[in-house]
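Asks: here's a sequence, model it:
(one chain, ligands or ions: 2)
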Amino acid sequence: MDRLLSVVVSVYNEEAVLERFYKETHPVLMSLGWDYELVFVDDGSRDKSLFILKGLAEKDPRVKVVSFSRNFGHEAAMIAGIDSCVGDGIVCMDADLQHPPRCLPGIVEKFEEGYEVINMVRTSNESAGWFKNLASSGFYKVINVLSDVKFESNASDFFAVSRKVAQVLKRNYREKVRFLRGYVQNVGFPRTTLEYEAGPRAAGESKYSLRKLFQFSVNTIVCFSNLPLKLGIYAGIMAALLGIIVMVYTVLTRGGAPSGYATIVVLICFMFAILFVIVGIIGEYIAILFTELKDRPIYIVEETVNMTKGTDFHTECR
Ligand code: UDP
Ligand code: MG
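Replies: Ligands and ions are numbered 1, 2, ... in the order given. Coordinates of the predicted model:
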């Protein structure tokens, strides 16, 4: 067993599934023919998750735990996992068993074939409900039109990267407002996709509210596309053209045009609406600029268990 597989699992209030996750994942990991480590990142859980994780780590030294000082979000947890793991291949997955452990042998096989990025694409997501599924496919359509990088639709937070790619993510993708799976799809390197079926959550409930997902979508569009910023120019050109037409019309009718009160009111409302939307869009970009500028850490580690000595989060959380 020369090669090491790191499995990074983000955990936020998952006390109900953790034992089961370990029970189902462990035999699969044992059968891989690779050594393994299971890196659980506890994202400031307020239930017994951390306690359960420490129990697992005590029994199995290959179980490692990184625990945050508070909740930093799913992506921050994955980033901390990638920062701290030492494997030749790294798999990020959820703790709720929606990303089936039985896919791991397939992933290892792809690593052995020489692939560096393995995207897991879900074929169906029954538990999400029709609205979330529709919104998700709509989001991917919009972002693919707006952005010059192309996204795999239905890509999930289930992916695997090689050590080399992990280094790139670690050194060069430290944005505070980010879309990790977007980066993973756009770093290049030999890349392949595998399909999996996302089952229902094993237990507990989804941590993503619709509001969070909406904010996430806006951030992603702003991060990956400058096109909305140019909306102002297009709107300005359209307004100028409209102005010229109205001017020509007024001159031709020698000022004898009927007093168009309704027209004026509608036009003013319409123009202001466009103006405010554009100002709002610029505001979104400024907010992100401001967040990046402040350069606060992506996550703060409170404690670690079974971690390889020398893992220095302090320099890496920036
Ligand atoms: N998660 C996290 N921090 C958060 C929210 C979620 O680490 O702030 C973890 C959660 O424990 C789970 C994964 O991210 O392992 C996916 O979350 P969830 O299953 O709630 O999302 P869904 O599958 O419904 O999109
Ligand atoms: Mg889930």
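Asks: low-confidence ranges, the stretch 51-200 of the chain, go.
Replies: 124-128 (pLDDT under 70).
Asks: which residue ranges of it form helices?
Replies: Listed in chain order, the helices of the stretch 51-200 of the chain (DSSP state H, counting those that start in this stretch) span 74-84, 104-112, 129-146, 163-172, 180-186.
Asks: TSV for those, including mean neighbour count and distance to Leu252?
Replies: Using the backbone N, CA and C atoms, a C-beta is placed for each residue, glycine as well. Converted to TSV, the helices of the stretch 51-200 of the chain look like this (neighbours: other CB atoms under 10 Å; distance: least, CB to CB, whole Å):
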stretch	mean neighbour count	distance to Leu252
helix 74-84	24	59
helix 104-112	18	69
helix 129-146	14	39
helix 163-172	15	60
helix 180-186	20	52
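Asks: mind checking which of the ones you listed is nearest ligand 2?
Replies: Closest to ligand 2 of those is helix 74-84 (CB to the ion; 9.6 Å).
Asks: show me what that closest one is in contact with.
Replies: Applying CB atoms under 8 Å, 6 or more residues apart in numbering, the external contacts of helix 74-84 come out as 6, 8-12, 39, 41, 43, 64, 66, 68, 90, 92, 157, 161, 166, 169-170, 178-180, 207-208, 298-299, 301, 304, 307, 311, 313, 316-317.
Asks: thinking again about what came up before, can you put the helices of the stretch 51-200 of the chain in CSV and add distance to ligand 2?
Replies: Listed next are those as CSV, based on distance: least, CB to the ion, whole Å:
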stretch, distance to ligand 2
helix 74-84, 10
helix 104-112, 17
helix 129-146, 11
helix 163-172, 22
helix 180-186, 14
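Asks: can I get the ones you listed in JSON lines including distance to ligand 1?
Replies: Formatted as JSON lines, the helices of the stretch 51-200 of the chain follow (distance: least, CB to the nearest ligand atom, whole Å):
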{"stretch": "helix 74-84", "distance to ligand 1": "4"}
{"stretch": "helix 104-112", "distance to ligand 1": "16"}
{"stretch": "helix 129-146", "distance to ligand 1": "8"}
{"stretch": "helix 163-172", "distance to ligand 1": "17"}
{"stretch": "helix 180-186", "distance to ligand 1": "12"}
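Asks: right, so of the ones you listed, which gets closest to Phe214?
Replies: helix 129-146 (8.4 Å; CB to CB).
Asks: from Val279, how far out is the nearest residue to Val8 once chain neighbours are set aside?
Replies: Leaving aside its chain neighbours, Val8 sits nearest to Gly81 (3.1 Å; criterion: CB to CB, 6 or more residues apart in numbering). Gly81 is 39 Å from Val279, where distance means CB to CB, to the nearest Å.
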